[in-house]
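Chemist: No sequence on hand, only this structure:
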């Protein structure tokens, strides 16, 4: 019998307990409570619910495909070439991801994009393009260029090399990014509400309507189950796909990107500038409207009603730091469990970690109320907010570290063991340096998710701490030209901070990633 | 074993002792985000000074979300006092038995239109949902500001009005209730079908209506459903100081919302919780209500600040429906409204 490795058990136990206590347990409690009172016999609502379910599904699929296509040129440019402003461009793409839906929604409405599926789809691309650029870009930048060059030398066209060599190698990252974008758009709430007019509702919107407005908790719970089934099926398909297509292929250090020359120079320029201009349109509307009156100066004044809006920056940063530390610790431990285990158990664990991305915020918020009162009453505590943020951020850390961990050839680890290294030393000296870089990509996402998060926490009873998105919504919910301009000014600051923070995190280097 | 038993008994005794204590160190006050967001250190400073009891705010989302949270946690309540439940959610809150009775000695100072026929909740403030209009647009167009709801049937006016959807917005629901109050079960849908034919705009929430569609903010609608307190807020929160509000209140089609506070069942300190509610009903607190939450005090002794006297009118005869009637019919009304407007 093999001795129990307590280190392994601990590494596995922490993420399992975390996700179990802060996600699965509240979820099960609220769903059982709701379903226990469900009366079967929907008297005619089935058709409407079917309609909602169908819309939810097809708009999410279409949004995901369109986001992939829209992100492709930018992803290619920033991952394949070195050019001045590359890191800045990558950081700028992340900005839309954190902007509060109300602010972007208002900008879209000002541009006349509303009351249509088109507006919903464009907004979904706008918000999610960063997920693709960063997730796929991280892997693409580390594919061994020899493969590409060999294909070209053997006479294949650039397109054929891309289709037959590069694309198959990128599959794990493409699948990961698609899964995340799909979950975000499948559970879309604010965008659908503000831009869709009223013909369109996702399951998420309907769950909110049933639970909060109509007090039909049983029907809301039933819909939440339908949503969960859809999300789980997607994730299951995704993880099966990942298993079949994991390639252990030589990755290179990412430092040696070529400078684009000739035609590539033009294409890179067009891709980067074109993408940034398109993303900038709603942001420019936002900036222009923030410049009225003395909006920025007003942020520093002590407002009689909301206090000094600028103070919300400190609150946001505090939550973001705590949330990303939690997310990275739990996420990296979880990734090593997922890649170390194998088989059905680790597949289901991986899938469970992704579930919070696809679970309705109302369900989680109400689940916390029902489940977290005992033994320690966490329900209205400060800690619940960064924990809720971390639940959403962990999947990003996991998605960026798992493919990297999987790509470490087993022989490398075995060789180290044969040479007498202990399991923890193998992890420290082989896995960690490689994983740190990937975890950093996840950390950047965790940080900005926490910075921009509003949806999930608005259903949690919480201490009265105003984060930036909360303050923006507060200012936008009262009349007055100064309120409006100040809200947009704060959103501009949030956007600027995001760009700076992401740029800074991207510049941190964690040792040298060896080529192997 | 014996030792741990003794400890357990001691802990239990200590716990009972704590429960019976008359004055807690602090009380937890649960409120919707718009109230909680505007609570500062000064808000309850006098209460703390007088009683030695601190007030801990818990923000609980919108009013509907808050009532749900209180209902889900009634065995182990999140707070001692809940504030901000209005007529549209009152029946649900009472049916869920989340409150215990408290009769404030200050109710004598409150106009009886605000006092509910139950001791479970105490009225604190009221606000009128009214159509707001852009003064300069009406002046330039040379059009008269409507004085009756019926005038909105004219496409020239219906086409420049934006309302919020009653399923997703509280002022949207209030305006729907105002039309039911005005036209009754037999006529209200016809009114809405005229509005639809005239091209009325429908948006999901107040901030879209006000900041995207209202003409002072670059939109196309010189009339939107907002509050009677919005014009004073335009003056208080103006970018550049202004003497006159750029917007005004259409006095027809207003709906009065009253917000209540109640002691949550299961609170360890019901008596202190009652004292907090009494404080919120005192003239001292009530006079801070207008400029902090942009609602009106229910205590008749409270003076309105000058901004509220100069820049708004309190509608003479706003609509109001009984909470039980609202609870009974709301879903059907919204469904029927959707049938007319989206059919």
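Modeler: Everything's here; your move. Since we're looking at a predicted model, the values are computed, not measured. Numbering: from 1, shown residues only, chains lettered A, B, ... in the order given.
Chemist: Torsion angles phi and psi at residue B:322?
Modeler: Taking degrees, to the nearest 10, you get phi -70, psi 140 for the backbone angles of residue B:322.
Chemist: so how many other residues sit close to it?
Modeler: Counted with other CB atoms under 10 Å in any protein chain shown, residues neighbouring residue B:322 total 13. Where C-beta positions appear, they are placed from N, C-alpha and C, glycine not excepted.
Chemist: ok, now residue A:129?
Modeler: With other CB under 10 Å as criterion, residue A:129 counts 25.
Chemist: show me the contacts for it.
Modeler: Taking CB atoms under 8 Å, 6 or more residues apart in numbering or on different chains as the contact definition, residue A:129 lies against A:67, A:70-71, A:74, A:93, A:96, A:275, A:279.
Chemist: Tell me how far it lies from chain B.
Modeler: To chain B, residue A:129 is 24 Å away according to CB to the nearest CB, to the nearest Å.
Chemist: In chain B, mark out all the strands, start to finish.
Modeler: For chain B, applying DSSP state E gives strands covering B:26-31, B:54-59, B:81-86, B:99-100, B:122-134, B:161-164, B:201-203, B:223-227, B:247-249, B:255-264, B:296-297.
Chemist: quick one on the thing from earlier: please list only the buried members of the contacts of residue A:129.
Modeler: A:67, A:70-71, A:74, A:93, A:96, A:275, A:279 (16 or more other CB atoms under 10 Å in any protein chain shown).
Chemist: Can you pull the poorly scored residue ranges out of the chain?
Modeler: I went with chain A, as the question did not name one. Counting by pLDDT under 70, chain A contains low-confidence ranges at A:1-5, A:39-45, A:246-256, A:304-305, A:341-342, A:454-457, A:508-516.
Chemist: um, chain B though
Modeler: Using pLDDT under 70, chain B drops low at B:1-22.
Chemist: what residue is smack in the middle of it?
Modeler: The residue lying closest to the centre of chain B (CA atoms, centre = their mean) is residue B:259, at 5.0 Å.
Chemist: Ignoring the adjacent residues along the chain, who's closest to residue 211?
Modeler: No chain specified, so I'll use chain A. Excluding its sequence neighbours, the residue lying closest to residue A:211 (CB to CB, 6 or more residues apart in numbering or on different chains) is residue A:220, at 3.6 Å.
Chemist: wrong chain, I was asking about chain B
Modeler: Using CB to CB, 6+ apart and skipping residues adjacent in sequence, the residue nearest residue B:211 is residue B:217, 5.1 Å away.
Chemist: Could you check how far stretch B:234-254 is from the centre of its chain?
Modeler: 20 Å (CA atoms, centre = their mean, to the nearest Å).
Chemist: correction: stretch B:251-268
Modeler: Its chain's C-alpha centre and that of stretch B:251-268 lie 7 Å apart, by CA atoms, centre = their mean.
Chemist: Ok, stretch B:183-190 next?
Modeler: For stretch B:183-190, the separation from the chain centroid amounts to 25 Å (computed by CA atoms, centre = their mean).
Chemist: That stretch: which residues count as buried?
Modeler: By neighbour count on 16+ other CB under 10 Å, the buried set for stretch B:183-190 is B:183, B:188-189.
Chemist: got a list of contacts for that stretch?
Modeler: So stretch B:183-190 is contacted by B:149, B:179-180, B:182, B:191, B:336-337, B:340 (CB under 8 Å, 6+ apart).
Chemist: out of those, which are inside helices?
Modeler: Secondary structure from DSSP state H places B:179-180, B:182, B:191, B:336-337, B:340 of those in helices.
Chemist: hey, where'd the helices end up in the stretch 1-150 of chain B?
Modeler: Using DSSP state H, counting those that start in this stretch, the helices of the stretch 1-150 of chain B run over residues B:2-20, B:33-36, B:45-51, B:63-72, B:87-95, B:135-141.
Chemist: Next: the stretch 401-516 of chain A.
Modeler: Going by DSSP H, counting those that start in this stretch, the stretch 401-516 of chain A shows helices at A:410-418, A:423-426, A:432-452, A:468-476, A:481-507.
Chemist: Give me the helices and strands touching the third one, please.
Modeler: In this structure, helix A:432-452 makes packing contacts with helix A:86-98, helix A:117-140, helix A:311-341, helix A:384-406, helix A:481-507, judged by 3 or more CB pairs under 8 Å, 6 or more residues apart in numbering or on different chains; DSSP states H and E.
Chemist: Tell me how many other residues crowd the closest residue to residue B:250 other than its chain neighbours.
Modeler: Nearest residue to residue B:250 in three dimensions, chain neighbours excluded: residue B:131, at 4.0 Å (CB to CB, 6+ apart). Counted with other CB under 10 Å, residues neighbouring residue B:131 total 26.
Chemist: Who does residue B:131 form a beta bridge with?
Modeler: Beta-bridge pairing of residue B:131 under DSSP bridges involves residue B:225.
Chemist: Just to check, it is in contact with residue B:160?
Modeler: No: judged on CB atoms under 8 Å, residue B:131 makes no contact with residue B:160 at a distance of 10.9 Å.
Chemist: Overlap of the contact sets of these two?
Modeler: Both residue B:131 and residue B:160 are contacted by residue B:223, under the criterion CB under 8 Å, 6+ apart.
Chemist: What subset of the contacts of stretch B:183-190 is buried?
Modeler: B:149, B:179-180, B:182, B:191, B:336-337.
Chemist: tilt between the helix or strand harbouring residue A:63 and helix A:117-140?
Modeler: Using DSSP states H and E, residue A:63 maps to helix A:45-80. Interaxial angle of helix A:45-80 relative to helix A:117-140 (axes from the mean of the first three to the mean of the last three CA atoms, to 10 degrees): 40 degrees.
Chemist: coming back round to it: turn the buried ones among the contacts of stretch B:183-190 into JSON lines, including distance to chain A.
Modeler: Formatted as JSON lines, these follow (distance: CB to the nearest CB, whole Å):
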{"residue": "B:149", "distance to chain A": "23"}
{"residue": "B:179", "distance to chain A": "18"}
{"residue": "B:180", "distance to chain A": "17"}
{"residue": "B:182", "distance to chain A": "23"}
{"residue": "B:191", "distance to chain A": "19"}
{"residue": "B:336", "distance to chain A": "15"}
{"residue": "B:337", "distance to chain A": "11"}
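Chemist: how long is stretch B:223-232 from one end to the other?
Modeler: Length of stretch B:223-232, first residue to last, CA to CA, to the nearest Å: 17 Å.
Chemist: Noted, bye for now.
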